[in-house]
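Asks: Provide a 3D model corresponding to the input given below.
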Amino acid sequence: MLSLFSLLCFYGAAASLANCTFGKELLLMGPPLLKAKTAVKGPVPPPPCTCPPSHRTSSLRTIADKLNAGGVCGVPTDTVYALAASCKHPEAIEMIYRIKDRPQEKPICIFISNLDQLRAATPPFSPLLWEFMEHVYPGGIGCIVKKGQWLKKLGVGAGYDRVGTRDSIMIRVPDQTVTVHLIDMTGPLAITSANPSGETDSTHHDMVITRLGHKLEGVLCDGESSEMVASTVVNCTTIDAEGITILREGCVPAAKVMQIFEKVKNQMV
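Replies: Numbers count the residues shown, from 1 in each chain. Down below sits the predicted model:
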């Protein structure tokens, strides 16, 4: 019996090898004893929200329209993906807190498209602060500055009390064309990372859709993030008296930020 089994195995192996090598049945083989079941593919379920690709102008308009109407959307930035709401709609900013279960005591920052937009609002910044911003914008550094009525001139409007703290606010100019064009269509955006509070950052639009898509109006899909970590946050509220303080080290190392500041300060002397 063992010899017969060995002969059958040898014949099967030889027949399979010969038939595969020459592409035709040289040695006869019977039908397979077992067949793997082929998975039946059903229709792909639609995404839970509108998910247009970022390379289309129409996609930007779609997301901008949703933001301008008071919706919350996932958007790419020059660091990780973010949740965005128009500063004209305080209820949308409040919705961000509920969507990601964010503690109310954690402030939300704003994104603007360029430094000229900030200059037009004429905030009472010192020459040192302006020069520092010139060196870090656009990019992965957010500056916390003193809050004031000039924010309404900037376009923050009704969302004034829902962004930043009572006395300060973080402003960033992202170094990404898609995001900047979107802001030009909407005005300043209230921004926070697109992840449930306490969890890791979203570094691909698929992560945003999977985790929060069912709670959003849309996600602007731009593939992999430019960075794996969020921006670096710098407190500039006492820049003239005490210098700057790194509150969060992100994609830009703290040492590089301090190097920029020292260079700017020395140039101002």
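Asks: tell me the phi and psi of Gly218?
Replies: phi -170, psi 160 (degrees, to the nearest 10).
Asks: Quick one: residues contacting the closest residue to it other than its chain neighbours.
Replies: With sequence-adjacent residues excluded and distances taken as Cβ to Cβ, 6 or more residues apart in numbering, Gly218 is closest to Thr50, at 3.9 Å. All C-beta spots, glycine's among them, are computed from the backbone N, C-alpha and C. For Thr50, the contacting residues are 62-63, 66, 217-219, by Cβ atoms under 8 Å, 6 or more residues apart in numbering.
Asks: again, only this time at 10 Å
Replies: 59, 62-63, 66, 71, 73, 213, 216-220 (Cβ atoms under 10 Å, 6 or more residues apart in numbering).
Asks: Helices - which of these land there?
Replies: Among the contacts of Thr50, the members falling in helices are 59, 62-63, 66 (criterion: DSSP state H).
Asks: and of these, the nearest to Tyr81?
Replies: Nearest to Tyr81 among the ones in helices among the contacts of Thr50: Ile63, at 12.8 Å, using Cβ to Cβ.
Asks: confidence score at the closest one?
Replies: Note for Ile63: predicted pLDDT of 98.
Asks: State the distance from it to Gly74.
Replies: 9 Å (Cβ to Cβ, to the nearest Å).
Asks: Identify the contacts common to these two.
Replies: 51, 84, 217-220.
Asks: Any quick ChimeraX command for the buried ones out of these?
Replies: ChimeraX command restricting the shared contacts of Ile63 and Gly74 to the buried ones, with burial defined by 16 or more other Cβ atoms under 10 Å:
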select :51,84,217,218,219,220
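Asks: out of the shared contacts of Ile63 and Gly74, what pair is the most spread apart?
Replies: Every pair of the shared contacts of Ile63 and Gly74 checked by Cβ to Cβ; the farthest is Cys51 and Ala84, at 14.7 Å.
Asks: Which SSE is immediately downstream of the one helix or strand Ile183 maps to?
Replies: Following DSSP states H and E, one finds Ile183 within helix 177-186. The helix or strand immediately downstream of helix 177-186 is strand 189-193, counting by DSSP H and E.
Asks: tell me what that following strand is packed against?
Replies: Contact here means 3 or more Cβ pairs under 10 Å, 6 or more residues apart in numbering; DSSP states H and E; on that basis strand 189-193 packs against strand 73-75, strand 82-86, helix 90-100, strand 109-111, helix 177-186.
Asks: where do the helices sit along the stretch 101-250 of the chain?
Replies: Under the criterion DSSP state H, counting those that start in this stretch, helices of the stretch 101-250 of the chain are mapped to 115-120, 127-136, 150-154, 177-186, 205-212.
Asks: Where does the prediction get shaky in the stretch 1-150 of the chain?
Replies: 5, 8-11, 13, 15-42 (pLDDT under 70).
Asks: 80 - rerun?
Replies: For the stretch 1-150 of the chain, applying pLDDT under 80 flags the ranges 1-44.
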